[in-house]
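A.B. asks: Next comes the sequence, and after it the predicted model I'd like to discuss.
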There are 2 protein chains.
Amino acid sequence: MLTAMTDTPARLLNLLSLLQTPREWPGSELAERLEVSPRTIRRDIERLRDLGYPVQATMGAVGGYRLVAGTAMPPLLLDDEEAVAIAVGLRAAAGHAVGGIEEASVRALAKLVQVLPSRLRHRVSTLNEATVPLLRGDGPTVDPEDLTLLAAAISNRERLRFGYRAVDGAESKRLVEPHRLVPAGRRWYLVAYDNGRDDWRIFRVDRITEPFATGVRTPPRELPAEDAAAYVAAKFSRLTPSFRAVATVHAPAEEVLRRFPRADEVLPLDERSCRLQSREDSLEWLAMRLLMLGCEFEVHEPPELAGHLRALGARATRATAGGPG
Amino acid sequence: MLTAMTDTPARLLNLLSLLQTPREWPGSELAERLEVSPRTIRRDIERLRDLGYPVQATMGAVGGYRLVAGTAMPPLLLDDEEAVAIAVGLRAAAGHAVGGIEEASVRALAKLVQVLPSRLRHRVSTLNEATVPLLRGDGPTVDPEDLTLLAAAISNRERLRFGYRAVDGAESKRLVEPHRLVPAGRRWYLVAYDNGRDDWRIFRVDRITEPFATGVRTPPRELPAEDAAAYVAAKFSRLTPSFRAVATVHAPAEEVLRRFPRADEVLPLDERSCRLQSREDSLEWLAMRLLMLGCEFEVHEPPELAGHLRALGARATRATAGGPG
DNA sequence: AGAACGAGGACAGGATCCGGCCTACATCGC
DNA sequence: GCGATGTAGGCCGGATCCTGTCCTCGTTCT
């Protein structure tokens, strides 16, 4: 990693890095690598333990040290490839809907890209371009890059400048104090105090263009609501277009539940079929997911979903018409 | 984070953690938090810089310190939620095919789970269960949990015990010295020295059951090949079922390339259409991806792909037949 | 112009760190 | 059971480094 190791703190950091490898290190080997006496290694290990890092030692002839799970996260020391892998994985996780950790994903990503060396940064962006295409049923997708910028601005309490495209298409320039990011389904909302309007506003992140952190720090401002998520929910619960789909699926309920973990309801009808209720903000996306189940199903509601499926079916059939068959 | 801060190395670690927050810290505030004089803080900052961590300072009245991108990855200090988010994201990235960083993903994941506190561990597994279902066109999927176990055993040089289900369905018990994990398409292979057979073997990870690290460490063994990936490629190039698909897509070549970054070839035919050649190990999966393009296309080869598409189209049409329309 | 902040030199006293030596204990292979 | 090899940790002397308190200087914002 780093060059010479004449410094105690540097050595401790390095030791932590070595111990993080999922292998076991004999003290003598550590001493050699860090160029200190074995006695010093023992003292360093003791120090790490005092600091709360759970260094486990296996006694005996083939013993050694290793870092095990403790009560707190130790600092992760990653090599280049691992850092890139994490950045790419996080970007994917932050963009798509995953459980309820979207916001934490974005925070972690912001933390990582802040310190990511530039030579790795362009590797990440290259890989990201190769990663996006899989899903995204339709509609505007949020750019994880923007998300991390917003997240960084929030925790840095920096004022933010961006262009905003309203629902009617009108463009406007905004200067805001960002307060919180709120994920909702496959959408993201930014809760911020709009310095131009002198009031709190909610912005859909996919409508934000060219966000730019001004670098100007502002004192924290109190949101007139208990929770940013609640604030967004109260304002937007009726505005988000959302469809309730109902379908009968000819597969065991548990199988369907495994593939639709966020379904509103999966009612078993009999051993081999069930009724599925799901809510998605994109019908195309929903149609695709039903088709991906790989089993027979019938759509009951809404009629638009049936329309989408018919279109998909027709397209698939057309695609084979000109073939050599 | 940690309690008292009377120790220099501990203070430096803590300082690094504070600086990692994407906000800016005035020296005075750091001095207060770490309970040392501002002069010492300045000295600590200087040390971090000597160690290679690029601490940036903004001069002037509202100045402060922050950690920026440098040439090496600093140790990442994550809070609980961020750690969980990374674990979940990595698991997803390791399971699906992402660029060429599958192996690094697994390594990073192994590193992380090794030190992940147990209270977070079960949160991760809960979230993982809700994450899997999206894609997986067909066929057996590799369990990322197994992958991390194998990766850990490899870097720890620990002997491994597992059950293996051969192609013909025969079950066998194996005791091996794991050497390397090789991702190939959406499959994973384990290159290992089989202690029972006294020879090198290649195992498909999705056929491995109940892997178990024995804890017995073995000296490294030399693979009779230059590279594990090459070794696998040489043995398996003809065994992996792989189809070359050819289709005409009515969309600009660049658009298609964006969604099929791993396509063998995308030849523009005219402004609005192109010829796509792609190789996938699952025709169902390929059919789905073509359909997800959201534009018209015609399949030329292979006939089986056309068959799959016809089946999909028929299923989609049937799904709408019983509806209220 | 003044305030707030980072950068850094000089210095003296004291804390810390290191290596070497010792003993005690656990584990594995023979 | 014995020896080899590993961790665990006490003690000590000497070298090193670290800290707080001065100080000055350059930068930036108000």
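C.D. replies: Cool, got the structure. Everything quoted here is computed from the prediction, not taken from an experiment.

A.B. asks: near chain B at all, stretch A:83-90?
C.D. replies: Yes: counting by CB under 8 Å from any CB of the partner chain, chain B is contacted by stretch A:83-90 at A:83-86, A:88-90. (Glycine included, C-beta is placed from N, CA and C.)

A.B. asks: What about A:Arg91, how many residues nearby?
C.D. replies: The local packing of A:Arg91 (other CB atoms under 10 Å in any protein chain shown) involves 28 other residues.

A.B. asks: Go through stretch A:7-19 and flag the buried ones.
C.D. replies: By 16 or more other CB atoms under 10 Å in any protein chain shown, the buried positions in stretch A:7-19 come out as A:7-19.

A.B. asks: Show me what from chain A comes close to DNA strand D.
C.D. replies: By CB under 7 Å from any atom of the strand, the part of chain A that sits against DNA strand D consists of A:6-8, A:25-28, A:38-39, A:42, A:45-46, A:57, A:59-65.

A.B. asks: One more pass at 6 Å, please.
C.D. replies: Counting by CB under 6 Å from any atom of the strand, chain A comes close to DNA strand D at A:7, A:26-28, A:39, A:42, A:45-46, A:57, A:59-61, A:63-65.

A.B. asks: quick one on the thing from earlier: pick out whichever of the residues of stretch A:83-90 next to chain B sits closest to B:Arg204.
C.D. replies: Among those, A:Ala85 lies closest to B:Arg204 (CB to CB), at 22.3 Å.

A.B. asks: The closest one reaches B:Ala93, doesn't it?
C.D. replies: Yes: contact criterion CB atoms under 8 Å: A:Ala85 and B:Ala93 qualify, at 6.6 Å.

A.B. asks: In contact with the closest residue to A:Leu76 other than its chain neighbours, which residues are there?
C.D. replies: Of all residues not flanking A:Leu76 in the chain, B:Leu76 sits nearest, at 4.3 Å (CB to CB, 6 or more residues apart in numbering or on different chains). With contacts defined as CB atoms under 8 Å, 6 or more residues apart in numbering or on different chains, B:Leu76 is in contact with A:75-78, A:111-112, A:115, B:20.

A.B. asks: among the residues of chain A next to DNA strand D, which are in strands?
C.D. replies: Of the residues of chain A next to DNA strand D, the ones assigned to strands by DSSP state E are A:57, A:64-65.

A.B. asks: any low-confidence regions in the stretch 51-200 of chain A?
C.D. replies: Within the stretch 51-200 of chain A, the stretches with pLDDT under 70 are A:61-62, A:94-100, A:128-141, A:185-186.

A.B. asks: So which residues of it form helices?
C.D. replies: For the stretch 51-200 of chain A, the helices defined by DSSP state H, counting those that start in this stretch cover A:80-95, A:102-115, A:118-129, A:144-156.

A.B. asks: how about JSON lines for those helices, with distance to B:Val191 added?
C.D. replies: What follows is the helices of the stretch 51-200 of chain A, written out as JSON lines (distance: least, CB to CB, whole Å):
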{"stretch": "helix A:80-95", "distance to B:Val191": "19"}
{"stretch": "helix A:102-115", "distance to B:Val191": "31"}
{"stretch": "helix A:118-129", "distance to B:Val191": "25"}
{"stretch": "helix A:144-156", "distance to B:Val191": "35"}
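
A.B. asks: Figure out which of those helices is closest to B:Asn195.
C.D. replies: helix A:80-95 (30.0 Å).

A.B. asks: Would you mark the buried spots in the closest one?
C.D. replies: By 16+ other CB under 10 Å, the buried positions in helix A:80-95 come out as A:81-95.

A.B. asks: Closest to DNA strand D out of those?
C.D. replies: Distance ranking of the buried residues of helix A:80-95 against DNA strand D, using CB to the nearest atom of the strand, places A:Glu82 first at 25.3 Å.

A.B. asks: Check which helices and strands whichever helix in chain A runs longest sits against.
C.D. replies: Longest helix in chain A by number of residues (criterion: DSSP state H): helix A:303-321. Helix A:303-321 sits against strand A:243-249, helix A:283-292, strand A:297-301, helix B:283-292, strand B:297-301, helix B:303-321, with contacts defined as 3 or more CB pairs under 8 Å, 6 or more residues apart in numbering or on different chains; DSSP states H and E.

A.B. asks: Thought A:Leu283 was touching A:Glu304, still the case?
C.D. replies: Yes: between A:Glu304 and A:Leu283 there is a contact at 5.5 Å, judged by CB under 8 Å.

A.B. asks: who has more neighbours, these two?
C.D. replies: Counted by other CB under 10 Å, A:Glu304 and A:Leu283 do not tie: A:Leu283 has more neighbours, with 20 against 15.

A.B. asks: List the residues that contact the more buried one.
C.D. replies: A:243, A:245, A:302, A:304-305, A:308.

A.B. asks: same question, A:Leu109
C.D. replies: Here A:Leu109 is in contact with A:87, A:90-91, A:94, A:144, A:147-148, A:151 (criterion: CB under 8 Å, 6+ apart).

A.B. asks: Closest one of those to chain B?
C.D. replies: A:Leu90 (4.5 Å; CB to the nearest CB).

A.B. asks: wait, isn't the closest one in contact with B:Val88?
C.D. replies: No: A:Leu90 is beyond contact range of B:Val88, at 9.3 Å (criterion: CB under 8 Å).

A.B. asks: so what sits against both of the two?
C.D. replies: A:Ser105.

A.B. asks: Strands along the stretch 151-300 of chain A, start to end?
C.D. replies: A:158-165, A:171-184, A:187-194, A:199-204, A:208-217, A:243-249, A:265-270, A:273-280, A:297-301 (DSSP state E, counting those that start in this stretch).

A.B. asks: Single out the most deeply packed of these.
C.D. replies: Across the strands of the stretch 151-300 of chain A, averaging neighbours per residue (mean count of other CB atoms under 10 Å in any protein chain shown) puts strand A:187-194 on top, at a mean of 23.

A.B. asks: tilt between that one and strand A:158-165?
C.D. replies: When axes from the mean of the first three to the mean of the last three CA atoms, to 10 degrees is applied, the directions of strand A:187-194 and strand A:158-165 differ by 120 degrees.
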